[in-house]
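1. Pasted the sequence and its predicted model underneath.
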Amino acid sequence: MSLVLAAVGATVAALIQSSILPFTAAGGAGLDLVLVLAVVWTMTVGLEGGLIWAFLGGLIIDVLLMRPLGLTAFVLLLAVGAAWLVGRISRRAFYPIVVATAAITAGIASVLTIVLVSALRGLPSGVEPLAQAVPTGLLAGLAAAAIAPVPVLIQRRRFGDETERVDW
């Protein structure tokens, strides 16, 4: 059931990101909603759902925004892989770690997307990859701060505290 929910959520988020969010972008830096949701899902629910968020959402974004097919999916899959590694190191999805991971991966993914698009099509005039990384990361951090509390609380409730304790 959760994988179906991830597929439907990725489709809806990609449609929102491709149709509504480009009009809210300030200075070329916009919110990467699919990336934020994929990272939060990966760190709280599991890797399989995060991969579905990244792959399906990335393909839909590529088709709707007329990017080279698979480019966004590739970048999102790299971000999900990084989030999974951070999640494996921290063992639990702590709220600040989830928010920071979403912000950092969004900034890096923004730069990587611009670099890959410029390698394939040429860099559009007035686009500076590093100048967009910080605002994109901040927007992603704010979105993750708003989205992450619910899955983090559900994960804590579901799995509890996994630390070992002495039974007296």
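-> Received it, and whenever you're ready, just let me know what you need. Numbering: from 1, shown residues only.

2. if I look at the spatially most central residue of the chain, how far off is residue 43?
-> The centre of the chain sits closest to residue 35, judged by C-alpha atoms, centre = their mean, with a distance of 2.0 Å. Residue 35 sits at a distance of 12 Å from residue 43 (criterion: C-beta to C-beta, to the nearest Å). Heads up, the C-betas are built off the backbone N, CA and C, glycines and all.

3. Same question for residue 131.
-> Applying C-beta to C-beta to residue 131 and residue 43 gives a distance of 28 Å.

4. Where does the prediction get shaky in the chain?
-> Where the chain drops to pLDDT under 70, the residues are 1, 25-29, 124, 159-168.

5. For residue 131 and residue 43, indicate the residue with more neighbours.
-> The residue with more neighbours, out of residue 131 and residue 43, is residue 43; 29 against 13, by other C-beta atoms under 10 Å.

6. buried stuff in stretch 118-130?
-> residue 129 (16 or more other C-beta atoms under 10 Å).

7. End to end on that stretch, go ahead and measure it.
-> 14 Å (C-alpha to C-alpha, to the nearest Å).

8. Name the residues that touch it?
-> 28, 68, 71, 110-111, 114-115, 117 (C-beta atoms under 8 Å, 6 or more residues apart in numbering).

9. which residue ranges form the strands in the protein?
-> Taking DSSP state E, the chain contains no strands at all.

10. how distant is the helix ranked longest in the chain from the center of its chain?
-> Using DSSP state H to define each element, the chain has its longest helix at helix 95-121. Here the centre of helix 95-121 is set off from its chain's centre by 8 Å, with C-alpha atoms, centre = their mean, to the nearest Å.

11. and what of stretch 130-147?
-> 10 Å.

12. Which positions in it come out as buried?
-> Quick answer for stretch 130-147 (16+ other C-beta under 10 Å): 132-133, 135-137, 139-141, 143-145, 147.

13. Ok, stretch 88-102 next?
-> 93, 95, 97-102.

14. Return the residues in contact with the residue nearest to residue 51 when sequence neighbours are not counted.
-> Spatial nearest neighbour of residue 51, chain neighbours left out: residue 80 (6.0 Å); criterion: C-beta to C-beta, 6 or more residues apart in numbering. Counting by C-beta under 8 Å, 6+ apart, residue 80 touches 38-39, 42, 47, 50-51, 53-54.

15. Any of those buried? List them.
-> 38-39, 42, 47, 50-51, 53-54.

16. Nearest to residue 4, out of those: which one, please.
-> Set against residue 4, the nearest of the buried ones among the contacts of residue 80 by C-beta to C-beta is residue 53 (12.3 Å).

17. thought the closest one was touching residue 9?
-> Yes. Using C-beta atoms under 8 Å, residue 53 is in contact with residue 9, at 6.8 Å.
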